[in-house]
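In: This is the structure alone, sequence omitted:
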């Protein structure tokens, strides 16, 4: 009974802190979605644009598990097309530069994916744009791990 003011103030401070992410989002500025550099010669991706926007990290994680744990190298899309499960040759083979494609969305969403903790980022020079890096595109064989086709 004697601390009613402190308890009420504590509850209000807690509620304000707990709801901060929600009202910050509502009051925050609306940023336009970043313009991505899409592949010039390709008409479609491994999966649809909507699927890739929401699920590309799940797809890459599933690819990693399939290649590393199950020694599978080919992915069949929902359309029936087959692709090599390789970040460098399949993804970066079309999307060319990490800075102009990957980083724009990841920076917009304030995320830091762990892809480049293990993978070597492709060289960003104009003279090799669109080409595979020396190691990228050779898959597990580049590291003496064999692998089936």
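Out: Received, thanks. Just so you know, these numbers come straight off a predicted model, no measurement behind them. Numbering: from 1, shown residues only.
In: could you point out where this structure is predicted with low confidence?
Out: Regions of the chain meeting the criterion pLDDT under 70 cover residues 1, 28-29, 123-149.
In: remind me, longest helix of it?
Out: In the chain, with assignment by DSSP state H, the single longest helix is helix 49-70.
In: Pull out the buried positions in the helix or strand just after that helix.
Out: Where DSSP states H and E defines the elements, the next helix or strand beyond helix 49-70 is strand 74-76. Across strand 74-76, burial judged by 16 or more other CB atoms under 10 Å covers residue 75. Using the backbone N, CA and C atoms, a C-beta is placed for each residue, glycine as well.
In: contacting residues around the longest helix of the chain?
Out: For helix 49-70, contacts defined as CB atoms under 8 Å, 6 or more residues apart in numbering pick out 45-47, 72-73, 75, 78, 85-87, 91, 113, 115, 139-140, 147.
In: May I see the buried residues of that helix?
Out: 56, 59, 63, 67.
In: Regarding the closest residue to residue 41 other than its chain neighbours, which helix or strand does it belong to?
Out: In this structure, residue 41 finds its nearest non-sequential neighbour in residue 94, 8.0 Å apart by CB to CB, 6 or more residues apart in numbering. Per DSSP H and E: residue 94 is located in helix 92-95.
In: now the helix or strand that that helix is followed by, how far from the chain's geometric center?
Out: Counting by DSSP H and E, the element after helix 92-95 in chain order, helix or strand, is helix 103-108. Mean-position distance between helix 103-108 and its chain equals 9 Å (CA atoms, centre = their mean, to the nearest Å).
In: picking that back up, mind checking which of the contacts of helix 49-70 are in helices?
Out: Members of the contacts of helix 49-70 lying in helices (criterion: DSSP H): residue 115.
In: can you count the residues close to the residue nearest to residue 41?
Out: Counted by other CB atoms under 10 Å, the residues lying close to residue 94 total 17.
In: Good, wrapping up.
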